[in-house]
Each structure stands twice: as C-alpha cells, then as structure tokens.
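>>> dropping the sequence and predicted coords here.
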Amino acid sequence: MRKIAITGIMGSGKSTVGLILKKKGMSFISADELVTKTIAPNNPGHTKLLTLLGPEYLDSKGYFNTQKIAKAVFQNKALLYQIESIIHPIVWDLMQKEEQKLRLSGKKIVFYEIPLLFEKKWEHFFNLIIVIAIDLQVQKKRLQQYRNFSCEEIKNRMQFQISQEEKIKKADHVIWNSSSLKVLEKQVFSLIHSLKTD
C-alpha cells in the first residue's frame, strides 16, 4: 500500500485537496479530524487535556474551545508542547488503526493530511510527500477572509511552522493553490492519474 502524505503551510488548502481526493473515491486520513475526535468528550485525549488546561477551556456542551486554546498556545510554546505530547501519540495510534483497516480492505493508495509532517519528523513513514503551496499574499488574504485571522494572528501561528520554501525543498511533488478551485482540481486529478499508472 502506498502511503502519501499531504502537507503545507497554514491556509494553503490541504483540506480542500482532501475533499477533492475523497470525491474521486480516494482513501484519505486527516490528522486534524483525528485531533478533533481525540479531544471530544468521552475520548481519552479529552480527560488528559482537561487535567492540563482546566474547565475554563470548555464550552457549555463540554467541548474544548479550540480558538481559546490556540490563543493561549501561540503565546506559550511550553504549553503547546505539553498539549502536543498528549494529543500526538493518540492521533498517531488512531492513524495506524485507520491505516490497518484500509490495508485489510485491499486499498493500494492512501492519502494522509498532516500539517506538521516535517516539524514532527514523520516524513520517513511515507512513500511520497506532496506539499500544497500558495502565494503568501493569497494565503494572507484567504486567512483573513475565511478564518477572520488578523495579521498578528497569522504571524504568531506561522512561527511554529517551518517555511513554505523549506517544505517545498523536502517535497516529492508540489501542487500550487494560488488560483481557482478548477485549477486545483486539475492538478489533483493529474496526480491521481499518474499514481494509478505508475
């Protein structure tokens, strides 16, 4: 089974590429979705994270306020590392279980969306690495428009990731997402075709 990692800087369009892949019937595992599952009520990560952060980070339904957590960790690297030490091992375990299910079902290609692939030094677990790249001015505009991030928030979050230039250097394949959805889809379809004909 070929394991293909998709990564890129914040706001580059990794999740959008994931949606395109799923619409084309490809197997896709999202680390971000597994994080959400991990810290939801009645899951192991929820209890551990609650012990670390306290109930003031929960909303009225018992779910973590991720925006509040984000604001805290991007001002406190030590707290970020503590949270990651709780969440990442659980996410990795869930990812392995999902992978095993797909392997047993006979899947030949599986895509993984992993935002911090290089930062966590997970790249050697994959057969191919794809970086979703974007013009930085387009990235900034999209983050402000669709996520309501301020310039300061973007700057603070980006300091925890290696640069796009470095990610591109480490990639086996680069997909640029600075244009339209149609252009992005065309690149993804071309990639799928090339993988199936290898």
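Now that the structure is in, tell me what you want to look at.
>>> quick one: low-confidence ranges for this protein?
198 (pLDDT under 70).
>>> nearest the geometric middle of it, what residue?
The centroid of the chain falls nearest to residue 115 when counting by Cα atoms, centre = their mean (3.5 Å).
>>> just checking, it touches residue 11?
No: assessed by Cβ atoms under 8 Å, residue 115 is found out of contact with residue 11, at 10.5 Å. For glycine as for every other residue, the C-beta is placed from the backbone atoms N, C-alpha and C.
>>> residues in a beta bridge with residue 175, which ones?
For residue 175, the beta-bridge partners under DSSP bridges are residue 132.
>>> contacting residues for it?
Taking Cβ atoms under 8 Å, 6 or more residues apart in numbering as the criterion, residue 175 is in contact with 17, 130, 131, 132, 133, 184, 187, 188, 191.
>>> in the protein, which spans are strands?
Here the chain has its strands, by DSSP state E, at 2-7, 27-30, 109-113, 128-133, 173-176.
>>> could I get the ones you listed as a markdown table with distance to residue 100?
Shown next, in a markdown table, are these (distance: least, Cβ to Cβ, whole Å):
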| stretch | distance to residue 100 |
| --- | --- |
| strand 2-7 | 12 |
| strand 27-30 | 11 |
| strand 109-113 | 11 |
| strand 128-133 | 20 |
| strand 173-176 | 26 |
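>>> determine which of those approaches residue 120 most closely.
Between residue 120 and the strands of the chain, the tightest spacing by Cβ to Cβ is seen for strand 2-7, at 10.2 Å.
>>> run the angle between that closest one and strand 128-133 for me.
Angle, strand 2-7 to strand 128-133, by axes from the mean of the first three to the mean of the last three Cα atoms, to 10 degrees: 20 degrees.
>>> before we move on, the earlier item: of the strands of the chain, which is nearest residue 56?
strand 27-30 (28.2 Å).
>>> show me what that closest one is packed up against.
Contacts defined by 3 or more Cβ pairs under 8 Å, 6 or more residues apart in numbering; DSSP states H and E place strand 27-30 against helix 14-23, helix 77-104, strand 109-113.
>>> quick one: closest of these to residue 138.
Go through those one by one with Cβ to Cβ and the one that ends up closest to residue 138 is helix 14-23, at 13.1 Å.
>>> looking at the strands of the chain, which is nearest to residue 163?
Closest of the strands of the chain to residue 163 is strand 128-133, at 11.1 Å (criterion: Cβ to Cβ).
>>> CA atoms only: put stretch 59-66 into CSV for me.
The C-alpha coordinates for stretch 59-66 follow below in CSV (Å, rounded to 0.1, in the frame of the first residue of the first chain):
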residue,chain,number,x,y,z
ASP,A,59,-17.8,25.4,26.2
SER,A,60,-21.3,24.9,27.6
LYS,A,61,-21.5,21.5,26.0
GLY,A,62,-18.2,20.2,27.4
TYR,A,63,-16.2,20.6,24.2
PHE,A,64,-12.9,22.4,24.1
ASN,A,65,-12.9,26.0,22.8
THR,A,66,-10.1,25.5,20.3
